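# build me a model:
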Amino acid sequence: MPKNLLAHLALLAVNLIYGSSHFIAKEVMPDYLKPNTFILLRVFGATIMFWILRYFIREKVDRKDLWRIALVGFFGVALNQLLFFQGLSITSPIDSAIIMVTSPVIVTLLSFFILKTKITSNKIAGISLGLLGAICLIYLSGKGNTGSSMKGNMFIMANATSYSLYLALVKPLLAKYKPLTVISYMFTFAFFVVLPFGISDIQDFSFSFPPVVLFSIGFIVLFTTFCTYLFNIFAVKKLSPTIASSYIYLQPVFAMAIGFGISLVNSNSNYAAAITWPKMVCTLLIFVGVYLTSRSKKLV
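Next comes the predicted model:
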């Protein structure tokens, strides 16, 4: 088996799940559950599952590392999900998937400020193009009636920044502890952060929801939360944060394919209308930006 093949397959699975989750979560929000209540259910369910698995792994965490785990829990779970679900509840799933592609660009930029890593001329060009594409996409979201929202896309952009910061901060912890240990404590801290936001509307949840809504909630808790975080943190332990974040550019590919598929089956869907030529140009700018940012050598 090629070296780190499982890590790459894990990242592929993560982004396939995320690409579909942009649509699945929309089945629930905001008609059946408010975003913060959905997040509370998501974090609570995944926390229970992580601690059940961790029962079989006895590893002690140094007290001095608890603050760092709390920090990655805040940026990687609590703030990340609060921003994402607020944004997704009012914008197009396709827009949200495209904007998330800026994550590798943001990781590079944050690494410069936090870790003092060197930024080459390629990376400067890549950061500029990637951010330009994201800004243009956010601006375009205010035009037309395609389910897009400028405010929602701004939430998604902030979410991508929070997730990128998490990828940069979690790597040192994974060099010291097993992934399951880190993620169990991380979700525990995050649960207490999201609890005040979601507890007031928890009574909105009902087992009498339509089956498709209950399925969507179960999918988000089990796959989009438990499996993706587990797979992702396993991959980051084996690979660099930059490589892990670069897989995110598969999300809009999956999202657009799913959007077209849904539009073919459901004529009332406006997902296909959300894919316009100006947005495709923005997407291309982001892709080129990610490509330049990830290159270690100059083009000339």
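# quick one: mean pLDDT for the host helix or strand of Ser164?
Assigned by DSSP states H and E, Ser164 belongs to helix 150-174. What helix 150-174 shows for mean pLDDT is 83.
# from the contact counts, what lies against that helix?
In terms of contacts (3 or more CB pairs under 8 Å, 6 or more residues apart in numbering; DSSP states H and E), helix 150-174 is packed against helix 66-73, helix 79-88, helix 93-99, helix 103-114, helix 121-140, helix 179-198, helix 228-238, helix 241-246. In short, each C-beta sits where N, CA and C put it, glycine included.
# what angle separates that helix from helix 228-238?
For helix 150-174 against helix 228-238, the angle by axes from the mean of the first three to the mean of the last three CA atoms, to 10 degrees is 50 degrees.
# buried sites along helix 150-174?
Buried residues in helix 150-174, counted by 16 or more other CB atoms under 10 Å: 150, 152-171, 173-174.
# now swap in stretch 195-209 and tell me
195, 197-198, 205, 209.
# just give me the least confident of the residues you listed.
Phe205 (75).
# for it, grab phi and psi.
phi -70, psi 140 (degrees, to the nearest 10).
# quick check, it in contact with Phe44.
No - the criterion here is CB atoms under 8 Å, and Phe205 misses it with Phe44 at 11.2 Å.
# what about Val61, distance to Trp67?
From Val61 across to Trp67, the span is 11 Å (CB to CB, to the nearest Å).
# neighbours of Val194, how many?
22 (other CB atoms under 10 Å).
# for Ser206, helix, strand, or coil?
Three-state call for Ser206 (DSSP: H, G, I helix; E, B strand; the rest coil): coil.
# where does pLDDT dip in the stretch 201-300 of the chain?
For the stretch 201-300 of the chain, the stretches flagged by pLDDT under 70 are 241-242, 246, 249-250, 252-253, 260, 262-276, 290, 293-300.
# now the strands for it?
Counting by DSSP state E, counting those that start in this stretch, one finds no strands in the stretch 201-300 of the chain.
# how about the helices in it?
For the stretch 201-300 of the chain, the helices defined by DSSP state H, counting those that start in this stretch cover 211-219, 228-238, 241-246, 251-265, 277-294.
# how much space is there between the residue lying closest to Gly152 once chain neighbours are set aside and Phe219?
Nearest residue to Gly152, sequence neighbours excluded (CB to CB, 6 or more residues apart in numbering): Thr91, at 2.8 Å. Thr91 is 20 Å from Phe219, where distance means CB to CB.
# give me the more crowded residue out of the two.
Between Thr91 and Phe219, Thr91 has the larger neighbour count (other CB under 10 Å), namely 27 against 18.
# correct me, but the more buried one touches Asn159?
No - at 11.3 Å, Thr91 does not count as touching Asn159 under the criterion of CB under 8 Å.
# elements contacting the stretch of helix or strand Ile48 belongs to?
Following DSSP H and E, one finds Ile48 within helix 35-54. Using 3+ CB pairs under 8 Å, 6+ apart as the contact test, the elements touching helix 35-54 are helix 79-88, helix 179-198.
# can you give me the angle the first one makes with helix 150-174?
So the one you mean is helix 79-88. Going by the same axes, to 10 degrees, helix 79-88 makes 160 degrees with helix 150-174.
# what sits up against helix 79-88?
With CB atoms under 8 Å, 6 or more residues apart in numbering as the test, helix 79-88 has contacts from 22, 25-26, 29, 35-36, 38-39, 42-43, 96, 149, 151-156, 158-159, 162-163, 166, 190, 193-194, 197.
# contacting residues around the nearest residue to Glu27 once chain neighbours are set aside?
Leaving aside its sequence neighbours, Glu27 sits nearest to Ser216 (CB to CB, 6+ apart; 4.4 Å). Residues near Ser216 by CB under 8 Å, 6+ apart: 24-25, 27-28.
# now swap in Ala158 and tell me
83, 87.
# for Gln203, see how far away it is.
Counting by CB to CB - Ala158 and Gln203 are separated by 29 Å.
# also Tyr291?
48 Å.
# Leu132 now?
From Leu132 to Gln203 the distance is 44 Å (CB to CB).
# over to Phe23?
27 Å.
# do the same with Ser92
Using CB to CB, we find Ser92 at a distance of 29 Å from Gln203.
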